[in-house]
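S.K.: Sequence and predicted structure, then a few things I'm wondering about:
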Amino acid sequence: MSIALNEIYKIRKNMCLSIDKNNTNRYTIVVNETNGTKTAYCFSTPIYSEKTRRLLDFKFNATKTGIHSIGSNCDIYVQKDAIVMQNPHGKLSLASETLSGSIKQENGKLICGDVEITPTLNGVLFKTKRIETGFTISMQTDNEFLTPWENNKCFALMRDEFTPFVSLSAIGVSDSHGEICAPALVSSEKCSGNKYKVTIKPTASVGKYVFFEANLYEEKLFQDTTVESKNPLAHNAYGGIAFLGNSETFGEKWLYTRPDISKIPALTEKRVKRVRLLLPIHGRQNLMLNAHQVTLRFCSFGSSWENKVSYTQLSEISKAAGNYNIVDISKFLIQPQSNSLMQTDGIIIRPYQRGDGFCAVSTGDSYYRPQILEVNYS
């Protein structure tokens, strides 16, 4: 079963699904409801292969030509002691001293010593044993003219001013059960014109593993960024996780988000009954969140804690359900007169109550555990 269908089964508590096979949108699976309505599950990054038009799965397969996986717009394969990702925009090699041994395929994953590698929707997820000094990986492309972009959560090589070719995002430090309990930080060093060393380092002495993901870029359904009080001039337009609430590393953190409904055009002419935002939870800590409408349109690349857009009193409180923090955002996205989808200037998601603790959730840039926009319509 594909990863997207598996998530929908979990959300719907393993109910039988009647899939609308007329859907052609690469972000979406549409379910026929027994009451005559339909529910579209719109993922934050494409869940179908651009090449095969089939739903993606998180598995490596051993073939006659080697170990291989397919992303939404790239091929992923093992070449000697490196993981290679390639799409029409170029080729990227990921290598490390840790990967210099034999890379084996087991149950759809790659195993090399203490490193476990799993496909994401358009790249790979690394799970490594926690190392105090950090895990270092080399990134080399076949293009010397990509521009590096970096903060302490994400490293990207940019095709143009606002479009990455590849992004590497820290997810965090986890306990033995895979629950994220602390952030991890990213730093980089340029080795040559097209080669970089990137280190992912844990922020705390807790935890057993460090997770990070590296992905070739696909246009995402959500335009978003985080802002944080400890780095008041920083934004995080490409990072795949947000520690919403308060942490020692980031201070208070908020998420600004705006669904791009132009990417789901078939839904713009429907009579919409409900819209929910499903934020994947990465840890046991799960604060209640508050979603607010913004007072002005925000910019993903210009927003920071220092100049952040304020919010209105129009708000909605989140509810935890399974592996998701769910916010009903109908009042922000449904036009009252026509009951059709409308574009919003933005939504701020922040802790419901100020205090200690955080809720680690996916942003719109997570290819490992994407956000979902759930739209019920007739």
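M.R.: Received it, and whenever you're ready, just let me know what you need. These numbers come from a predicted model, not from an experiment.

S.K.: partner residues bridging Leu289?
M.R.: Pro351 (DSSP bridges).

S.K.: list the helices and strands the top strand by length along the chain packs on?
M.R.: Scanning the chain for the longest strand, with DSSP state E as the assignment, gives strand 163-174. In terms of contacts (3 or more CB pairs under 8 Å, 6 or more residues apart in numbering; DSSP states H and E), strand 163-174 is packed against strand 90-95, strand 135-141, strand 154-160, strand 180-182, strand 184-192, strand 195-202, strand 209-216, strand 241-247. (C-beta placed from N, C-alpha, C; glycine too.)

S.K.: any chance of these in TSV, with mean neighbour count, distance to Ser304 and mean pLDDT too?
M.R.: Below are the helices and strands packed on strand 163-174 laid out as TSV (neighbours: other CB atoms under 10 Å; distance: least, CB to CB, whole Å; pLDDT from 0 to 100):
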stretch	mean neighbour count	distance to Ser304	mean pLDDT
strand 90-95	20	29	96
strand 135-141	20	27	96
strand 154-160	20	15	96
strand 180-182	22	23	94
strand 184-192	15	18	95
strand 195-202	20	23	97
strand 209-216	24	24	98
strand 241-247	26	15	95
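
S.K.: who's in contact with Ala182?
M.R.: Contact analysis of Ala182 by CB atoms under 8 Å, 6 or more residues apart in numbering lists Gly172, Val173, Pro202, Thr203, Ala204, Val206, Gly207, Ser247, Thr249.

S.K.: how about these in JSON lines, adding distance to Glu33?
M.R.: What follows is the contacts of Ala182, written out as JSON lines (distance: CB to CB, whole Å):
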{"residue": "Gly172", "distance to Glu33": "36"}
{"residue": "Val173", "distance to Glu33": "40"}
{"residue": "Pro202", "distance to Glu33": "44"}
{"residue": "Thr203", "distance to Glu33": "44"}
{"residue": "Ala204", "distance to Glu33": "45"}
{"residue": "Val206", "distance to Glu33": "44"}
{"residue": "Gly207", "distance to Glu33": "41"}
{"residue": "Ser247", "distance to Glu33": "39"}
{"residue": "Thr249", "distance to Glu33": "43"}
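
S.K.: before we move on, the earlier item: to Ile111, which of the helices and strands packed on strand 163-174 lies closest?
M.R.: Of all the helices and strands packed on strand 163-174, the one in closest proximity to Ile111, counting by CB to CB, is strand 209-216 (13.8 Å).

S.K.: quick one, the closest one and strand 90-95 angle?
M.R.: If you take axes from the mean of the first three to the mean of the last three CA atoms, to 10 degrees, strand 209-216 sits at 160 degrees to strand 90-95.

S.K.: Compare the contacts of Ala182 and tell me which is most surrounded.
M.R.: Gly172 (27 neighbours; other CB atoms under 10 Å).

S.K.: re earlier: for the helices and strands packed on strand 163-174, give me TSV that also has distance to Gln335.
M.R.: What follows is the helices and strands packed on strand 163-174, written out as TSV (distance: least, CB to CB, whole Å):
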stretch	distance to Gln335
strand 90-95	41
strand 135-141	44
strand 154-160	34
strand 180-182	37
strand 184-192	40
strand 195-202	43
strand 209-216	34
strand 241-247	28
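
S.K.: and of those, who's closest to Pro119?
M.R.: Taking CB to CB, strand 209-216 is the member of these nearest to Pro119, at 10.0 Å.

S.K.: after the closest one comes which helix or strand?
M.R.: Using DSSP states H and E, the helix or strand that follows strand 209-216 towards the C-terminus is strand 222-228.

S.K.: can you give me the offset of that following strand from its chain's centre?
M.R.: From the chain centre to the centre of strand 222-228 is a distance of 12 Å (CA atoms, centre = their mean, to the nearest Å).

S.K.: and that strand, what does it pack onto?
M.R.: By 3+ CB pairs under 8 Å, 6+ apart, strand 222-228 packs against strand 251-259.

S.K.: what comes up buried for the strand it packs on?
M.R.: Going by neighbour count (16 or more other CB atoms under 10 Å), the buried part of strand 251-259 is Glu252, Lys253, Trp254, Leu255, Tyr256, Thr257, Arg258, Pro259.

S.K.: and which of the contacts of Ala182 is nearest Leu341?
M.R.: Using CB to CB, Gly172 comes nearest to Leu341 of the contacts of Ala182, at 33.3 Å.

S.K.: doesn't His282 make contact with the closest one?
M.R.: Yes. Using CB atoms under 8 Å, Gly172 is in contact with His282, at 6.8 Å.

S.K.: Many thanks, have a good one.
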